[in-house]
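Undergrad: Structure of the sequence below:
(3 chains)
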Amino acid sequence: MKNLISMRDLSKEEILYFMEIARKIENGEINPDMNRKVAALMFYEPSTRTHFSFATAMKKMSGQTITMRGSVNSSVSKGETFADTLQTIAQYADIIVIRTAVEGSARYASEIVDVPVVNAGDGANQHPTQALLDLYSIIKTQGTLENLTIGVAGDLKFGRTVHSLVQAMSDFNPKFKFISPSFLKMPSYIKDDLKEKNIEFEELEEIDKKIDELDILYVTRVQKERFADLEDYEKAKGSYTLKKSMLDNVKDNFKVMHPLPRVGEIQTDVDDTKYAYYFPQAKNGVFMRQAIISILLGGLDETIES
Amino acid sequence: MKNLISMRDLSKEEILYFMEIARKIENGEINPDMNRKVAALMFYEPSTRTHFSFATAMKKMSGQTITMRGSVNSSVSKGETFADTLQTIAQYADIIVIRTAVEGSARYASEIVDVPVVNAGDGANQHPTQALLDLYSIIKTQGTLENLTIGVAGDLKFGRTVHSLVQAMSDFNPKFKFISPSFLKMPSYIKDDLKEKNIEFEELEEIDKKIDELDILYVTRVQKERFADLEDYEKAKGSYTLKKSMLDNVKDNFKVMHPLPRVGEIQTDVDDTKYAYYFPQAKNGVFMRQAIISILLGGLDETIES
Amino acid sequence: MKNLISMRDLSKEEILYFMEIARKIENGEINPDMNRKVAALMFYEPSTRTHFSFATAMKKMSGQTITMRGSVNSSVSKGETFADTLQTIAQYADIIVIRTAVEGSARYASEIVDVPVVNAGDGANQHPTQALLDLYSIIKTQGTLENLTIGVAGDLKFGRTVHSLVQAMSDFNPKFKFISPSFLKMPSYIKDDLKEKNIEFEELEEIDKKIDELDILYVTRVQKERFADLEDYEKAKGSYTLKKSMLDNVKDNFKVMHPLPRVGEIQTDVDDTKYAYYFPQAKNGVFMRQAIISILLGGLDETIES
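TA: Residues are numbered from 1 along each chain as shown, chains lettered A, B, ... in the order given. Model prediction:
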């Protein structure tokens, strides 16, 4: 494996391999050394968390980073092509992590350069490192990825994070509950795909409707801007806001996840319950990104057999 | 000790312990290793020097940093709460250094997160790492913190640096000369506090009036904006501008300090005298911040007994 | 040698010494260790490539960097002098790399501070690290710097890169072909200098005119803004745009170089030929800057005798 561009490229075995390496890094069984290695973080779309998570992953392995943001102060303003920028950065860096607003740009980058490329989000398309860290959070809390009942709430229409997650889980015989306002439902092409794979799903409009059946509730942000008028937003808000009072009868292994940042979809009184898992989930992101970088850059072979 | 929020939290013994560790780091007796450790530098208020000083401190111990500036490009613009930002950053970083324009924000942060928090300035309130490096500069040049006569010049009303310094020195039986324009005098609550502790102080309006009695002259910037009109500023300027010609009869151990940047309060002809100590003072900041990070993050125990 | 300010300061022997160290670093014969060392990158003029190249050079030696850009968020806006900023940064950093739009600023900096200073471009004046990496690229591809025929194309009037290159090569008995629109010719003072040194040169207006005689063709950007009107630009463009079809009869050892970014002066179909050397040239920049930093900061003596 040279690049990580899309969850579609990964077999079930490969997904589980990522889980295994992340776990071994977290518990100290393996300790990759990126000393004298440089990751280029090309963030053409702002993303504090994803950027910090990758930077921290690299730095906690003694590696270092160079960061290119926007097009400000960069050669792009001098009229250079994206291909030339990529080829130049590839002369400096050992690995390129790239995030843009343009679908397909990470794949394109991987075809241009010789160094490994990691897709850190390309428009509404894919966000595979988020999907892998989400799966890692699920396996850590549930002990398995198989046969789980997963609620996915929020903006299911435009959220690349939930699209990647649903796709990534499909190999593991899940049941899904999709919870969203009617006009932000999961796209048909994803639902068709699930039907074809005989994966059970159900569409709901209220977050607490079947919460007691869930192993995982994955909540995402609903942007005000999606609503035609603010009144609709205020009305709909309650239906997908998670409150502590909704958790009375949830399963013992139940966990609430969120890719963060949240803007009210989970009330803060949930934070103190044993079900809240969104901050540990962010920490898992560092372990998973350490695993991704290590696997793509190599250097694990001496320490583990897989 | 888990956090460094205010000089008020530190006992005399703790202050001296910081001095001792900084000294041992400077002379190479101890050499803390922050390899694979990450400090988050959250600078919500610009500060080139303090930021560089912390970054350098970390990097000279093989540690690394991630920096969050302003709210630009950050999740704050997506509507995230400050508490959520802090809790997320705490998943990545081993220690948080925070500077904001809001009094009490560092204390608040320390109550939210599990990792150590260092206050790098919270509004007009506290700047304890500056106070500690100032004390370290004093002890290095005077051999002691005890029984010194210290002139403090400039904007004594709004300067958090001088407030922290006066407070920090109070344990060491100082005499103070406060030198400022009449409308930028030291606040009453600080003077009342000194009176209560039986610490001798005197208020002056001219910087050279009693300069020959001083061991230390601590000069700070007076911002033009404080003056009602520019004419007053130009008139007052001379009274608190230090010139080489004023140094003819100073004590042999006399040193001039300044937190920098200066904008004319010390004329450059002072730089070449043996009394100028503001640039070495900046260098001391790196040693002191190495000490602070090491003490809070741990890892000194094996190398020293204290 | 303490600073690297201008190619004019370097003897032929010193130039060759830089080549030797870069080569030994590239092939792993020496492996400088900058752990716990910090380079301050003061970039008062934007330059993605040069900045990344220096940052990468430092980081691939386990060193680290602090970066100061523009005057935004910096103390300059508080009215501090450039000299004070330099003296403060020198308290933090082990070496200063500086780029500004002002000729002579790097020399000035080197006279102010005690730490080594590297000129990363001072206005239209000098860009010695670019010249050294260019020479390193030439010696790697040609096996020698002596007796080469070098074409230099593009904006020869304002390009500091080509000025530095021509000057640097002067010690090695070159023949030059200067290719440019008539109003962007090499300045007289440089041509007078070459005449005095008995170095053969010729001025051409078309890039392919004598391309078959060249060992190296060094292409640079021509900025649209230099032309009085756009029509002239479009007309002239063809004359200094390199196309694959022009390479039919070039020498076997022929290489095309470019400091990058390019904006069309070299068509992309040239990229796939064995003559294209601009991306490897960028990579050479990292090795050369590792050499420069190592030579100025010291630490090579134990590993090599020179």
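Undergrad: For burial, what's the neighbour tally of the residue nearest to A:Leu4 when sequence neighbours are not counted?
TA: Leaving out its chain neighbours, the residue that sits closest to A:Leu4 by C-beta to C-beta, 6 or more residues apart in numbering or on different chains is A:Val118, at 4.9 Å. The way it works is simple: take the backbone N, C-alpha and C, and place the C-beta from them, glycine included. Look at A:Val118: counted by other C-beta atoms under 10 Å in any protein chain shown, it has 24 neighbours.
Undergrad: Next: A:Thr144.
TA: Around A:Thr144 there are 10 residues (other C-beta under 10 Å).
Undergrad: do you know how far it is from A:Ile138?
TA: 9 Å (C-beta to C-beta, to the nearest Å).
Undergrad: Okay, and A:Ile66 sits in which element?
TA: Per DSSP states H and E: A:Ile66 is located in strand A:64-69.
Undergrad: Next: A:Phe201.
TA: strand A:200-204.
Undergrad: Could you pull up the mean pLDDT of that strand?
TA: Strand A:200-204 shows an average pLDDT of 97 in the prediction.
Undergrad: where do the helices sit along the stretch 201-306 of chain A?
TA: A:230-237, A:278-297 (DSSP state H, counting those that start in this stretch).
Undergrad: What residues sit buried inside the shortest one?
TA: Pointing back at helix A:230-237 there. Residues of helix A:230-237 classed as buried: A:233, A:236 (neighbour count, 16 or more other C-beta atoms under 10 Å in any protein chain shown).
Undergrad: and A:Lys37, what does it touch?
TA: Going by C-beta atoms under 8 Å, 6 or more residues apart in numbering or on different chains, A:Lys37 touches A:58, A:63-64, A:94-95, A:297, C:60.
Undergrad: check the residues you listed against chain B, which are close?
TA: Near chain B, taking C-beta under 8 Å from any C-beta of the partner chain as the test, the members of these found are A:Gln64.
Undergrad: and which of the contacts of A:Lys37 is nearest to chain B?
TA: Distance ranking of these against chain B, using C-beta to the nearest C-beta, places A:Gln64 first at 7.2 Å.
Undergrad: The stretch 51-200 of chain A: strands as residue ranges?
TA: Along the stretch 51-200 of chain A, counting by DSSP state E, counting those that start in this stretch, strands occupy A:64-69, A:95-100, A:117-122, A:149-153, A:175-179, A:200-204.
Undergrad: Using a markdown table, please lay out these together with distance to A:Pro280.
TA: Shown next, in a markdown table, are the strands of the stretch 51-200 of chain A (distance: least, C-beta to C-beta, whole Å):
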| stretch | distance to A:Pro280 |
| --- | --- |
| strand A:64-69 | 24 |
| strand A:95-100 | 23 |
| strand A:117-122 | 21 |
| strand A:149-153 | 17 |
| strand A:175-179 | 22 |
| strand A:200-204 | 26 |
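Undergrad: Select, out of those strands, the one closest to B:Gln126.
TA: Counting by C-beta to C-beta, B:Gln126 lies closest to strand A:64-69 out of these; the figure is 31.4 Å.
Undergrad: Give me the residues contacting the closest one.
TA: A:34, A:37-44, A:46, A:51, A:54-55, A:58-59, A:74, A:89, A:92-93, B:64, B:73, C:48, C:52, C:55-56, C:59, C:64.
Undergrad: In contact with A:Asn249, which residues?
TA: Residues in contact with A:Asn249 (C-beta under 8 Å, 6+ apart) are A:211-212.
Undergrad: And it, how far from chain B?
TA: 27 Å (C-beta to the nearest C-beta, to the nearest Å).
Undergrad: next one: A:Ile5
TA: Distance from A:Ile5 to chain B, by C-beta to the nearest C-beta: 25 Å.
Undergrad: Model confidence for that residue, exactly?
TA: 96.
Undergrad: ok so, going back, so which of the helices of the stretch 201-306 of chain A has the densest surroundings on average?
TA: Stretch with highest mean neighbour count among those: helix A:278-297 (a mean of 23; mean count of other C-beta atoms under 10 Å in any protein chain shown).
Undergrad: thinking again about what came up before, among the strands of the stretch 51-200 of chain A, which comes closest to B:Thr149?
TA: Using C-beta to C-beta, the strands of the stretch 51-200 of chain A put strand A:64-69 closest to B:Thr149, at 47.4 Å.
Undergrad: So in that sheet, which strands flank the closest one, and in what orientation?
TA: Strand A:64-69 sits in its sheet next to strand A:38-43 (parallel), going by DSSP bridges.
Undergrad: Now do the same for the partner strand: mean pLDDT, whole number.
TA: Strand A:38-43 carries an average pLDDT of 97.
Undergrad: Alpha carbons of it, in PDB - could you do that?
TA: Output of strand A:38-43 as PDB, limited to C-alpha atoms (Å, rounded to 0.1, in the frame of the first residue of the first chain):
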ATOM      1  CA  VAL A  38       9.200  15.300   7.100                       C
ATOM      2  CA  ALA A  39       5.500  15.200   6.300                       C
ATOM      3  CA  ALA A  40       4.200  18.000   4.100                       C
ATOM      4  CA  LEU A  41       0.700  19.000   5.300                       C
ATOM      5  CA  MET A  42      -0.900  20.700   2.300                       C
ATOM      6  CA  PHE A  43      -4.200  22.200   3.700                       C
END
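Undergrad: quick one, what contacts whichever residue of the stretch 151-300 of chain A sits closest to chain C?
TA: Ranked by C-beta to the nearest C-beta, the top residue of the stretch 151-300 of chain A for proximity to chain C is A:Leu297, at 13.8 Å. Counting by C-beta under 8 Å, 6+ apart, A:Leu297 touches A:34, A:37, A:94-95, A:116.
Undergrad: can you redo the helices of the stretch 201-306 of chain A as a markdown table with distance to A:Val166 and mean pLDDT?
TA: Output for the helices of the stretch 201-306 of chain A, formatted as a markdown table (distance: least, C-beta to C-beta, whole Å; pLDDT from 0 to 100):
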| stretch | distance to A:Val166 | mean pLDDT |
| --- | --- | --- |
| helix A:230-237 | 22 | 76 |
| helix A:278-297 | 17 | 98 |
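Undergrad: Include distance to C:Leu217 when you put the ones you listed into a markdown table, please.
TA: Formatted as a markdown table, these follow (distance: least, C-beta to C-beta, whole Å):
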| stretch | distance to C:Leu217 |
| --- | --- |
| helix A:230-237 | 62 |
| helix A:278-297 | 36 |
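Undergrad: still on that earlier bit, of the contacts of A:Lys37, which is the nearest to C:Thr149?
TA: C:Lys60 (34.0 Å).
Undergrad: beta partners of the residue nearest to A:Leu4?
TA: A:Leu4, A:Val97.
Undergrad: what sits against the closest residue to A:Lys210 other than its chain neighbours?
TA: Counting by C-beta to C-beta, 6+ apart, A:Lys210 lies nearest to A:Lys177, which is 5.6 Å off, once chain neighbours are set aside. With contact taken as C-beta under 8 Å, 6+ apart, A:Lys177 is in contact with A:149-152, A:201-204, A:209-210, A:213-214.
Undergrad: For A:Met169, see how far away the closest residue in space to A:Phe158 that isn't next to it in sequence is.
TA: For A:Phe158, ignoring the flanking residues on the chain, the nearest one in space by C-beta to C-beta, 6+ apart is A:Ala124 at 6.2 Å. Look at A:Ala124 and A:Met169: by C-beta to C-beta, they are 19 Å apart.
Undergrad: Those two: who's more crowded?
TA: A:Met169 (25 against 13).
Undergrad: Just the pLDDT at the more buried one, thanks.
TA: So, for A:Met169, pLDDT stands at 96.
Undergrad: do A:Ser71 as well
TA: 52.
Undergrad: List, one by one, the residues from chain A near chain C.
TA: Selection of chain A residues close to chain C by C-beta under 8 Å from any C-beta yields A:35-38, A:40, A:64, A:66, A:68, A:73-75, A:78-80, A:83-85, A:87-93.
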